[in-house]
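Asker: Sequence first, then the predicted structure, then my questions.
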Amino acid sequence: MKNSPPKTSTPSIRPLSAQDLDKIEPWLNASSTFREYGITLETLRPAILAAMIDPANELLAADTETAFDEKFFSGFAWCVKKGGFGRSAYLRLIVVAPGAYSSGVGSALMAELERRHCLSDRLKGPGLFLLCTHTNTGAQNFYAKLGYARVGEIPSYLRPGLNEVIYWKP
Ligand SMILES: CC(C)(COP(=O)(O)OP(=O)(O)OC[C@H]1O[C@@H](n2cnc3c(N)ncnc32)[C@H](O)[C@@H]1OP(=O)(O)O)[C@@H](O)C(=O)NCCC(=O)NCCS
């Protein structure tokens, strides 16, 4: 990542590329939730590469513009178009580069997914679901700020003792 300060302009969104994946290992390592679940680039890369060629998935990348008009890759999201009960979209993963936290990258990725799937913008689809581990309070604040409703909780779904909170935006 460049050291120059990010601009306040909204990050731009484009499709994720295979080359982008070379940059995300430190992003995954920075998240205690991903460490807890053993999510590493080694396990994730084959799944993302397979998803890139499967039209059931959407893989988005965000680029942040610096004060010197350079762009750097700063976050990505993986969405399964009908992954929510075969009807709604399901956000499988969202990760922002730690150096770009709180600069609107996550919000820009979510806004693009909502533009595609949520009723609030266009009469297009029946909303977006996601799961968030109950210990990941930072991400929970993020989803609440974006207007996601906490609609349930699944106890010990992926790991014993770790509950998954279900969020939904219609
Ligand atoms: C959660 C995550 C995607 C948020 O992305 P981001 O680009 O930092 O979020 P934004 O800058 O768009 O934040 C928008 C709002 O969400 C809230 N928010 C975001 N991260 C927050 C945090 N860690 N703690 C509290 N509130 C947070 C803030 O209210 C923020 O608004 P503000 O900047 O006006 O205060 C990012 O922190 C991340 O990648 N975390 C590690 C991976 C992860 O936990 N992914 C989610 C798995 S379910």
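Answerer: Noted; the coordinates are in hand.
Asker: quick one: the residue sitting furthest away from the middle of the chain and Thr40, what's the gap?
Answerer: When distances to the mean C-alpha position of the chain are computed (Cα atoms, centre = their mean), the maximum falls on Phe68, with 26.6 Å. Counting by Cβ to Cβ, to the nearest Å, the gap from Phe68 to Thr40 is 33 Å. Just so you know, the C-beta spots here come from the backbone N, C-alpha and C atoms, and that holds for glycine as well.
Asker: counting contacts, what elements does the longest strand along the chain pack onto?
Answerer: In the chain, with assignment by DSSP state E, the single longest strand is strand 71-84. The contact analysis (3 or more Cβ pairs under 8 Å, 6 or more residues apart in numbering; DSSP states H and E) places strand 71-84 against strand 57-65, strand 88-96, helix 105-117, strand 128-133.
Asker: Mind checking these for the one nearest to the ligand?
Answerer: helix 105-117 (2.4 Å; Cβ to the nearest ligand atom).
Asker: Just the buried residues of the closest one, please?
Answerer: Across helix 105-117, burial judged by 16 or more other Cβ atoms under 10 Å covers Val105, Gly106, Ser107, Ala108, Leu109, Met110, Ala111, Glu112, Leu113, Glu114, Arg116, His117.
Asker: Give me the subset of those residues that also touch the ligand.
Answerer: Contacts with the ligand within the buried residues of helix 105-117, counted by Cβ under 6 Å from any ligand atom: Val105, Gly106, Ser107.
Asker: Nearest residue to the second one in space, please, no chain neighbours.
Answerer: The one in question is Gly106. Distances taken as Cβ to Cβ, 6 or more residues apart in numbering place Val96 nearest to Gly106, at 5.1 Å, with adjacent residues excluded.
Asker: and what of the last one?
Answerer: In this structure, Ser107 finds its nearest non-sequential neighbour in Leu146, 6.5 Å apart by Cβ to Cβ, 6+ apart.
Asker: show me the contacts for the one you found.
Answerer: Ser107, Met110, Lys169 (Cβ atoms under 8 Å, 6 or more residues apart in numbering).
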